[in-house]
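A.B. asks: how would this look folded up:
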Amino acid sequence: MPNITNHVRRLRFEANEMSQQALADAVGVTRQTIIAVEKNKYSPSLEVAFRIAGVFGCSLEDVFAYQ
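C.D. replies: A predicted model of the protein is given here:
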């Protein structure tokens, strides 16, 4: 079954070890949402996915992959 994977944790680490809370604040979601996204337990809405990509200055494809 296809699954959406992501590189959020790696991108946070590469962004001066940005905290989950800092990313959550920048995106406008809770830290729990970021935790769930990183663990592939939750796929964010398209809007939130674009916001996450925007924080890192990446395209959606650089952050998320549909496998």
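
A.B. asks: Could you name the helices and strands sitting against the host helix or strand of Arg10?
C.D. replies: Per DSSP states H and E, Arg10 falls inside helix 8-14. Under the contact definition 3 or more C-beta pairs under 8 Å, 6 or more residues apart in numbering; DSSP states H and E, helix 8-14 sits against helix 20-27, helix 31-38. Bear in mind the C-beta positions are built from the backbone N, C-alpha and C, glycine included.

A.B. asks: Figure out which of these is closest to Asn6.
C.D. replies: Closest to Asn6 of the helices and strands packed on helix 8-14 is helix 31-38 (C-beta to C-beta; 6.3 Å).

A.B. asks: sorry, back to before: make a markdown table out of the helices and strands packed on helix 8-14 and add distance to Leu60.
C.D. replies: Below are the helices and strands packed on helix 8-14 laid out as a markdown table (distance: least, C-beta to C-beta, whole Å):
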| stretch | distance to Leu60 |
| --- | --- |
| helix 20-27 | 14 |
| helix 31-38 | 13 |
